[in-house]
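Asker: I would like to see how this sequence folds:
(2 chains, ligands or ions: 1)
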Amino acid sequence: MNLDFSPEDQAFRAEVRAWIRDNVPEQAGPAIGIPSHKETQFAWERKLGQKGWLAYTWPQEFGGPGWSATQRYIFDTERALAGAPPSSPFGLAMLGPVLMKYGNDAQKQRYLPPIARGEEFWCQGYSEPGAGSDLAGLKTQAKREGEHYVVNGQKIWTTQAHWANFMFCLVRTNTEVPKQQGISFLLIDMRTPGIEIRPITTIDGHHHLNEVFLTNVRVPAENLVGDEGQGWTIAKYLLTHERTSIAGVPDSYYQLGRLREAVATDAALSEDPLVSHRLAALEVDLLALEYTNLRTLDRVAKGQPPGSESSGLKIKGTELQQAISEAQMELGGLGALPWLSPADDAHPVFAAATQRYNFLRASSIYGGTNEIQKNVLAKLLLQL
Amino acid sequence: MDFSYSQEQEMLRDSAAKFALKGYGFERYQSTLDQPGHCDPAVWSQMAEFGWLGLAVPEDAGGLGGSALDVALVCEALGSGMVLEPFVAGAVLPARLLSLAGGQPALLEAVASGTTQFAVAWTESGTRHDPAFCTTRAKAQSDGYMLTGRKQCVLNASNAQTLIVAARTSGEDGDENGISLFAVEASAPGVELKPYPIMGGGYAADLQFDAVKVDGSALVGSLDAGFEPLDAALDHATAAACAQALGAMSALLERTGNYLKVRKQFGTPIGSFQVLQHRLVDMFVEVEQSRSMVLMSSVRVDSSPEASVRRRAVSAAKAYLAQSSKFVAQQAVQLHGGIGVTEELDIGHYFRQLSAFGNLYGDRTWHLRRFAATPAA
Ligand SMILES: Cc1cc2nc3c(=O)[nH]c(=O)nc-3n(C[C@H](O)[C@H](O)[C@H](O)COP(=O)(O)OP(=O)(O)OC[C@H]3O[C@@H](n4cnc5c(N)ncnc54)[C@H](O)[C@@H]3O)c2cc1C
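Answerer: Below is the predicted model:
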């Protein structure tokens, strides 16, 4: 067993670090860690795309750099530590792997390259008002009419639908069979007539989420991924990918580092043993998560799928993100209280803390709630 | 021992609850968010009519001379109804401070009648909540005083015409002795205000005093003796804020319980899942524990001749509720799922208020420390 990075990995790290340092967007809102500036986000993704580093988890044949799992991890760490925003996961981490596995050649050629170049932006149309945790209960209908599917229904909680060019969508194509079997996976162009997007403001005071209403939306039948009725299998495959990236270890290191910097600027905090105790405890938890994450990456590198262990990473990862933001808010004291308008005196980390704390409550809800992750683990891994 | 309320207290509680639920509600809360300073003048004068603004004002100064428990009953109702108007910062704290410091009956009358808005300026950056830490200075002059310094995040300052400012007239930055209180017009030359909304609603401001001249009559109470009344008044305000938080926590418990009964997933109400049942029970237990702390601290805060008894009681309550309120708020959001993190639903707004509560009037760490450092009587 060897827990150190090889000299090649070290050299790779130096190369990545140098490039990111020269290219990191200035106004990325790194203190907040939530992509909410559209133009900054897009420009950064395109820049990574031009360098060939945007689809860094993809194999070379689909436009990825062909990195090892360790190299990806190094890249993600360097990206986070530089305060650069994470890439939007929908095209890269979710749809990409799905198309590689289930898409036909035409779909791979049409959709993968623009994702890898950062030119087309996707959103995820899974959840519905009545179908959240019980995703298979979704009702949005797609009826085959000649060369089209005609889609009617409503999606909700669609992150950045207002930015997206396309939505990958779960629809019901058959109501006669058991609910999991009647679901299909469709790709929908967001400019298609009949799509209406309504914003939802979240408790951080911002607009990331939307409701998407679909009324007689005509989707070409060639946009069906896999076979009709295969949607549930595809959806589950996609979710294991979604959850692996959610642990967020590098970003948590970054936020913890920023918190340490902020604490250092205030003698009342930096000389307080309770504060250093709290920071150390967070770091220890993060270290445990990091090594669990590395073990998962090692398994993936050896050709095994991430599997349901990724649920554990999601639970711990989101709890830690929440705990770090809570520490940022509490240690910020009065400096963390101004709402959506920066105060003069506060350190930027403290100024952004309440917004982060509020937004991150969603992290134990999105991507499947932590309760549902525990059900998955209990059933699949512990066989209860 | 007797934990029952008097008949008057029952009536006070009922009328406050009625106002908060029927006369206020989420829509009123949202429209108050559109008002300057997050305070609707109509609601404020309604609160004056009910006598609530004068609840903490002694009878001989035109108030109702209510106990801390009376105040807590109103606060709990206001918290459960998410009433945004700055009752604690704008009425309870100034009333207690003015009456404990002594003198200035005209100011007390103004608190009770609601004709003037007040704010108490005591927090400074770098204090970590310690009221003894005061770097703002007041220099004696032939005809009065001159104030210089900064205050951070002064609640309700942007609505206030009169600021009660803690300023040092002698001693070093962290000394208890040597702090004096001054009633300063917010519009006085040299007073600069930077107002901003705070999380959970309400306005605060950072203040700058640049050689602000006040005359001798601006001194509230005795020279150099402002710490004791400030410390005691803050304990009153803290106990009141805890009661308000308790109201919000109970509202979240009730709403979450109802939601678990109606929200269906997997063909059954989600309240049928044992893990959620236990979570709701944990919330219930925390609300009950918090209620005990609110009652205990409200009774002790004004019935104790010993400052140490009062301080321990209030610090215990605030330390406890800072934690329990976060737990209850977080679970309420979590159990609501996606809808819990929207601005559309009241859950997220209660959540923000309780998150802010943790950082106000001394945080958990500060109060645990004060509790540990204060000998039991
Ligand atoms: C910020 C954010 C971004 C999102 N982005 C997207 C997106 O881009 N695309 C998309 O499709 N969806 C998205 N979602 C939706 C998300 O996946 C759902 O909110 C989530 O699956 C929970 O569903 P729900 O909100 O309907 O909650 P519910 O399913 O109603 O759950 C309510 C509560 O009940 C619990 N619960 C439910 N069933 C069980 C059970 N069997 N056992 C124990 N507990 C249970 C849940 O854990 C939760 O605490 C997003 C959500 C948020 C908050």
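Asker: A strand includes residue A:185, no?
Answerer: Yes. Residue A:185 forms part of a strand when assessed by DSSP: H, G, I helix; E, B strand; the rest coil.
Asker: What residues are bridge-paired with it?
Answerer: Here residue A:185 sits in beta bridges with residue A:170, residue A:225, going by DSSP bridges.
Asker: Against residue B:122, how distant is it?
Answerer: 60 Å (Cβ to Cβ, to the nearest Å). Using the backbone N, CA and C atoms, a C-beta is placed for each residue, glycine as well.
Asker: now swap in residue B:210 and tell me
Answerer: Taken as Cβ to Cβ, the span from residue B:210 to residue B:122 is 19 Å.
Asker: before we move on, what about residue B:40?
Answerer: In this view, residue B:40 and residue B:122 are 26 Å apart by Cβ to Cβ.
Asker: Mind telling me what element residue A:322 is part of?
Answerer: Element membership for residue A:322 (DSSP states H and E) is helix A:309-332.
Asker: which residues does the closest residue to residue B:157 other than its chain neighbours contact?
Answerer: Nearest non-adjacent residue to residue B:157, counting by Cβ to Cβ, 6 or more residues apart in numbering or on different chains: residue B:205, 3.9 Å away. Applying Cβ atoms under 8 Å, 6 or more residues apart in numbering or on different chains to residue B:205 gives the contacts B:153-154, B:157-158, B:193-196.
Asker: Identify the bridge partners of residue B:205.
Answerer: Beta-bridge partners of residue B:205, as defined by DSSP bridges: residue B:154, residue B:195.
Asker: Kindly list the longest helix within the chain.
Answerer: Here I'm looking at chain A. In chain A, with assignment by DSSP state H, the single longest helix is helix A:273-301.
Asker: wait, chain B
Answerer: Using DSSP H to define each element, chain B has its longest helix at helix B:227-262.
Asker: re the thing from before, and residue B:210 and residue B:122? which has more neighbours close in?
Answerer: Higher neighbour count among residue B:210 and residue B:122: residue B:122, with 28 against 13, using other Cβ atoms under 10 Å in any protein chain shown.
Asker: The more buried one is in contact with residue B:233, isn't it?
Answerer: No. The criterion here is Cβ atoms under 8 Å, and residue B:122 misses it with residue B:233 at 9.4 Å.
Asker: Quickly check: the helix or strand encompassing residue B:353 near chain A or not.
Answerer: In the assignment (DSSP H and E), residue B:353 maps to helix B:346-359. Yes. Interface with chain A: helix B:346-359 contributes B:348-349, B:351-352, B:355-356, B:358-359 (Cβ under 8 Å from any Cβ of the partner chain).
Asker: Going through the residues you listed, which ones are buried?
Answerer: Among the residues of helix B:346-359 next to chain A, those that count as buried by neighbour count (16 or more other Cβ atoms under 10 Å in any protein chain shown) are B:348-349, B:351-352, B:355-356, B:358-359.
Asker: Dump those to CSV, plus pLDDT and distance to the ligand.
Answerer: CSV is the format used below for these (pLDDT from 0 to 100; distance: Cβ to the nearest ligand atom, whole Å):
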residue, pLDDT, distance to the ligand
B:348, 97, 11
B:349, 97, 16
B:351, 98, 13
B:352, 98, 16
B:355, 98, 17
B:356, 98, 21
B:358, 97, 22
B:359, 96, 24
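Asker: just the helices in the stretch 51-200 of chain B please.
Answerer: B:68-80, B:87, B:93-101, B:105-113 (DSSP state H, counting those that start in this stretch).
Asker: and the longest one, what other elements does it pack with?
Answerer: So the one you mean is helix B:68-80. For helix B:68-80, the elements it packs on are helix B:7-18, helix B:87, helix B:227-262, helix B:274-303, judged by 3 or more Cβ pairs under 8 Å, 6 or more residues apart in numbering or on different chains; DSSP states H and E.
Asker: cool, and the last one?
Answerer: Using 3+ Cβ pairs under 8 Å, 6+ apart as the contact criterion, the neighbours of helix B:105-113 among helices and strands are helix B:93-101, strand B:118-121.
Asker: Show me which residues of the lengthiest strand in chain A are buried.
Answerer: Scanning chain A for the strand with the most residues, using DSSP state E, yields strand A:207-220. By 16+ other Cβ under 10 Å, the buried positions in strand A:207-220 come out as A:208-214, A:217, A:219.
Asker: Among those residues, find the lowest-pLDDT one for me.
Answerer: Among those, residue A:208 has the lowest pLDDT, at 93.
Asker: contacting residues for that one?
Answerer: A:34, A:36, A:159-160, A:202, A:359.
Asker: got those residues as a markdown table, with secondary structure and pLDDT columns?
Answerer: What follows is the contacts of residue A:208, written out as a markdown table (DSSP: H, G, I helix; E, B strand; the rest coil; pLDDT from 0 to 100):
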| residue | secondary structure | pLDDT |
| --- | --- | --- |
| A:34 | coil | 63 |
| A:36 | coil | 70 |
| A:159 | coil | 95 |
| A:160 | coil | 94 |
| A:202 | strand | 95 |
| A:359 | helix | 94 |
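Asker: Could you list which of those also contact the ligand?
Answerer: Contacts with the ligand within the contacts of residue A:208, counted by Cβ under 6 Å from any ligand atom: residue A:159.
Asker: for the contacts of residue A:208, which one is nearest residue A:109?
Answerer: residue A:160 (24.9 Å; Cβ to Cβ).
Asker: element containing the closest residue to the closest one other than its chain neighbours?
Answerer: Leaving out its chain neighbours, the residue that sits closest to residue A:160 by Cβ to Cβ, 6+ apart is residue A:123, at 5.5 Å. Assigned by DSSP H and E, residue A:123 falls within strand A:122-125.
Asker: Check the model's average confidence along the following helix or strand past that strand for me.
Answerer: Going down the chain from strand A:122-125, the next helix or strand is strand A:141-145, by DSSP H and E. Mean pLDDT, strand A:141-145: 97.
Asker: Where does the prediction get shaky in the chain?
Answerer: No chain was given, so I picked chain A. A:27-35, A:241-246, A:306-307, A:342-344 (pLDDT under 70).
Asker: Oops, wrong one, chain B.
Answerer: In chain B, no residues with pLDDT under 70.
Asker: Residue B:116 touches residue B:110, doesn't it?
Answerer: Yes. Contact criterion Cβ under 8 Å: residue B:116 and residue B:110 qualify, at 4.1 Å.
Asker: which residues are common contacts for the two?
Answerer: residue B:162.
Asker: Pick out whichever of the two has more residues nearby.
Answerer: A direct count of neighbours by other Cβ under 10 Å for residue B:116 and residue B:110 places residue B:110 higher, at 22 against 15.
Asker: rewinding a little: are there helices or strands packed against the longest helix of chain B, and which ones?
Answerer: helix B:68-80, helix B:93-101, strand B:179-185, strand B:268-269, helix B:274-303, helix B:307-336, helix B:346-359.
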